[in-house]
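Asks: model this:
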Amino acid sequence: MRIRNSLKESMVALCAAAILVPSGVAAASTAAAGSNLFLGAQLGGSSLAADTEGPGAAFSEFDHDVTVSGAVLAGYESIYSDQHYRLTGTLGYGQWNNARSLEALGGVDLLWRQSDGSGAVYIGPRLGAIRFSDDITDQSNTRFAWGVEVGALTELETRFSSGDQSISVGMFLRHTVIDARQNGEAGNGLDRDIKLRSQTSFGFQVLIWR
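Replies: Residues are numbered from 1 along each chain as shown. Prediction:
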């Protein structure tokens, strides 16, 4: 129950952070010509790079293989000196058998669009925080996180669009570096620690543009 309440509290805080990141740059973005707002969702998998350490590690199996994860995102796209860019805020969640992660990130992406506007590729850095909880050490902590995201988008045909709205679909890959260490004990009193190094998320995404 304590972990669940802590996770809920951190989710509220990180939701606010994810909203404030793109909102803080809204004034500058909307002033640029051709600015566009987008909302979207990402669905796929996440995998942790982590180790269970200490004498009690043999008695504590840590499940951190690929699991289903998802994220919501929002941001603005604009043009500066003929270069497309976008400001993005992302809130993602992943859950394993005995661990959970909540990731709030913001970043600036460079986009390269096809001349006919039918598709684009992008790359950009990510900065933010991750809340990691596990059942092995019975601990939760929040750590600074940084990384990079790359992706590709394709504009759906006009019959899927209405008015000023359009829909893009594509794929993404995001790698986030994290330095989190949690200490605990096995049932026999032996030390068992978890060292978390990074998280990799990948899958499909859908964006709605206005």
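
Asks: okay, helices next: where are they in this protein?
Replies: 2-24, 26-31 (DSSP state H).

Asks: ranking these by mean pLDDT, which is last?
Replies: Comparing mean pLDDT across the helices of the chain, the weakest is helix 26-31, with a mean of 34.

Asks: for this protein, which residue occupies the most central location?
Replies: Gly92 (4.3 Å; CA atoms, centre = their mean).

Asks: so what sits opposite the spatially closest residue to that one that is not a sequence neighbour in the bridge?
Replies: Once flanking residues are discounted, Gly92 sits nearest to Ala71: 3.4 Å by CB to CB, 6 or more residues apart in numbering. In short, each C-beta sits where N, CA and C put it, glycine included. Beta-bridge partners recorded for Ala71 (DSSP bridges): Gln42, Gly92.

Asks: repeat that for Phe38.
Replies: Here Phe38, judged by DSSP bridges, has bridge partners Gly75, Trp209.

Asks: one more: Ala180?
Replies: Beta-bridge pairing of Ala180 under DSSP bridges involves Leu196.

Asks: from what I see, it and Phe144 are in contact.
Replies: No - when contacts are counted by CB atoms under 8 Å, Ala180 is not listed as touching Phe144 (9.7 Å).

Asks: which one of those two is surrounded by more residues?
Replies: Ala180 (21 against 12; other CB atoms under 10 Å).

Asks: and the more buried one, what pLDDT?
Replies: Looking at Ala180, the pLDDT reads 82.

Asks: contacts only, for it.
Replies: 130, 132, 141, 143, 194-196 (CB atoms under 8 Å, 6 or more residues apart in numbering).

Asks: where does this structure dip in pLDDT?
Replies: Residues of the chain that meet the criterion pLDDT under 70 lie in 1-35, 53-61, 63, 157-164, 184-190.

Asks: hmm, try it at 80
Replies: 1-35, 51-64, 116-118, 136, 157-165, 181-193, 210 (pLDDT under 80).

Asks: spit out the contact partners of the residue nearest to the centre of the chain.
Replies: So Gly92 contacts 42, 46, 69-72, 101-103, 105, 201 (CB under 8 Å, 6+ apart).

Asks: I'd say the residue nearest to Gly92 and Gly94 touch.
Replies: No - taking CB under 8 Å as the definition, Ala71 is not a contact partner of Gly94, at 9.1 Å.

Asks: hey, what's in contact with both of those two?
Replies: Counting by CB under 8 Å, 6+ apart, the residues touching both Ala71 and Gly94 are 103, 201.

Asks: what comes up buried for stretch 132-147?
Replies: Under the neighbour-count criterion of 16 or more other CB atoms under 10 Å, stretch 132-147 has 132-137, 139-142, 145, 147 buried.

Asks: could you export that stretch as PDB, keeping only the C-alpha atoms?
Replies: C-alpha atoms of stretch 132-147 as PDB (Å, rounded to 0.1, in the frame of the first residue of the first chain):
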ATOM      1  CA  PHE A 132      11.500   3.600 -10.100                       C
ATOM      2  CA  SER A 133       9.900   1.200  -7.600                       C
ATOM      3  CA  ASP A 134      10.500  -2.500  -7.000                       C
ATOM      4  CA  ASP A 135       9.200  -5.300  -4.700                       C
ATOM      5  CA  ILE A 136      12.600  -6.900  -4.100                       C
ATOM      6  CA  THR A 137      14.100  -4.000  -2.000                       C
ATOM      7  CA  ASP A 138      10.600  -2.500  -1.200                       C
ATOM      8  CA  GLN A 139      11.900   0.900  -2.200                       C
ATOM      9  CA  SER A 140      11.000   3.800  -4.500                       C
ATOM     10  CA  ASN A 141      13.200   6.700  -5.600                       C
ATOM     11  CA  THR A 142      13.200   9.400  -8.200                       C
ATOM     12  CA  ARG A 143      16.300  10.100 -10.300                       C
ATOM     13  CA  PHE A 144      17.500  12.500 -13.000                       C
ATOM     14  CA  ALA A 145      17.300  10.900 -16.400                       C
ATOM     15  CA  TRP A 146      18.700  11.800 -19.800                       C
ATOM     16  CA  GLY A 147      18.700  10.200 -23.200                       C
END
